[in-house]
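S.K.: can't give you the sequence, but here's the structure:
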């Protein structure tokens, strides 16, 4: 199975399945002498782990990470870093009846057509459970970027269905984001989102939304045109996240409502530096960072596993009905926030180390 690695200089390879014994990542290219402990990684995994609140899957996984290699006496050696997270709370019986049918909205049919075999327990390799490894690897990338360049990566839930926060990207802080269980920095909006998700979940359904990510203190000049543009690599990384269905930078699709004279970011001198007066492009021009904040948004679809009755077919091409079982989030966005940040960090770190 190809397609399990991302990055060139800072390369992450993801392994494991949803209900397998363990999952994790191997990171090649981490610079030596970076102070690194398991607690540096664990704090990010704790933000992604299941069972956090009343709108999260009740699956109980501590997601405790272990460093197997690449670190000696608390510092990276420059050798590959291997991280492992053991699965402790599998319930394969919840998925046995799904072995012979194809769930709507899932990758059951496509995986089987591609490989002629699939792991039905929790979706196996196609499960969002495997993103735990990416978050672990992203924690290391975040640490490199923050310590070497002061780069801060902040993602938050901007919209759930038609409930949208009035907060803009400039005013957000990590404290504001983490203050609400849904990771929306505006409490009034967060309360509305939580109430709506609970209502949808009680009806056996699910809902999607939009996560916005802001990357601060990005140095100008990151990016490698033509086919490794910074925005292209970020888009690649974001679209690798389960349930992601689209991405836009800066003004994004709203640019159709502007004239060129209104949209162009004019250069000015500020604090002795060349910057742009506005940031409609989202901090990237020609595939290269401008030095302004990088701003993008990712849209996520509703969780495909729902408790309402649905129609599908089985392996014998017979029409059947089924209802989703198991433990699933009615909305993936709160737990996807650290995943978005991690994937952004991996790409930024890869470009930074490739300079």
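M.R.: Nice, thanks for sending it over. Keep in mind that what you see is a predicted model, and the values were worked out from it rather than measured.
S.K.: Endpoints of stretch 149-168, how far apart?
M.R.: 24 Å (CA to CA, to the nearest Å).
S.K.: Start at 47, not 1
M.R.: In the new numbering, first residue 47, that becomes stretch 195-214.
S.K.: Might you calculate how far that stretch sits from the centre of the chain?
M.R.: 13 Å (CA atoms, centre = their mean, to the nearest Å).
S.K.: Please apply the same query to stretch 239-247.
M.R.: Here the centre of stretch 239-247 is set off from its chain's centre by 22 Å, with CA atoms, centre = their mean.
S.K.: contact partners of that stretch?
M.R.: 100-101, 203, 206-207, 209, 226-228, 230, 252-253, 376-377 (CB atoms under 8 Å, 6 or more residues apart in numbering). Where C-beta positions appear, they are placed from N, C-alpha and C, glycine not excepted.
S.K.: residue contacts, residue 64?
M.R.: 133, 165, 167-171, 173, 175-176.
S.K.: How about residue 308?
M.R.: Counting by CB under 8 Å, 6+ apart, residue 308 makes contact with nothing.
S.K.: Same question for residue 361.
M.R.: Per CB under 8 Å, 6+ apart, neighbours of residue 361: 146-148.
S.K.: Enumerate the beta-bridge partners assigned to residue 313.
M.R.: Per DSSP bridges, the residues bridged to residue 313 are residue 322.
S.K.: any chance you could map the helices in the protein?
M.R.: Remark: helices assigned in the chain by DSSP state H are 84-94, 154-161, 177-195, 220-224, 233-248, 276-284, 306-309, 379-399.
S.K.: mind checking how far the helix or strand bottoming out on mean pLDDT in the chain is from the chain centre?
M.R.: Lowest on mean pLDDT, DSSP states H and E among the helices and strands of the chain sits strand 365-369, with a mean of 89. Distance, stretch centre to chain centre, for strand 365-369: 31 Å (CA atoms, centre = their mean).
S.K.: What is the end-to-end distance of stretch 302-313?
M.R.: One end of stretch 302-313 to the other measures 22 Å (CA to CA).
S.K.: list the buried ones in that stretch?
M.R.: 309, 311 (16 or more other CB atoms under 10 Å).
S.K.: So for it, mean pLDDT?
M.R.: The pLDDT scores in stretch 302-313 average 96.
S.K.: ok, back up a step: which of the contacts of stretch 239-247 lies closest to residue 330?
M.R.: Within the contacts of stretch 239-247, the smallest distance to residue 330 is 22.9 Å, found for residue 203 (CB to CB).
S.K.: The closest one contacts residue 232, doesn't it?
M.R.: No. Under the criterion of CB atoms under 8 Å, residue 203 is not in contact with residue 232, lying 9.9 Å apart.
S.K.: Tell me how far stretch 150-157 lies from the chain's centre.
M.R.: Relative to where its chain is centred, stretch 150-157 has its mean C-alpha point 20 Å off (CA atoms, centre = their mean).
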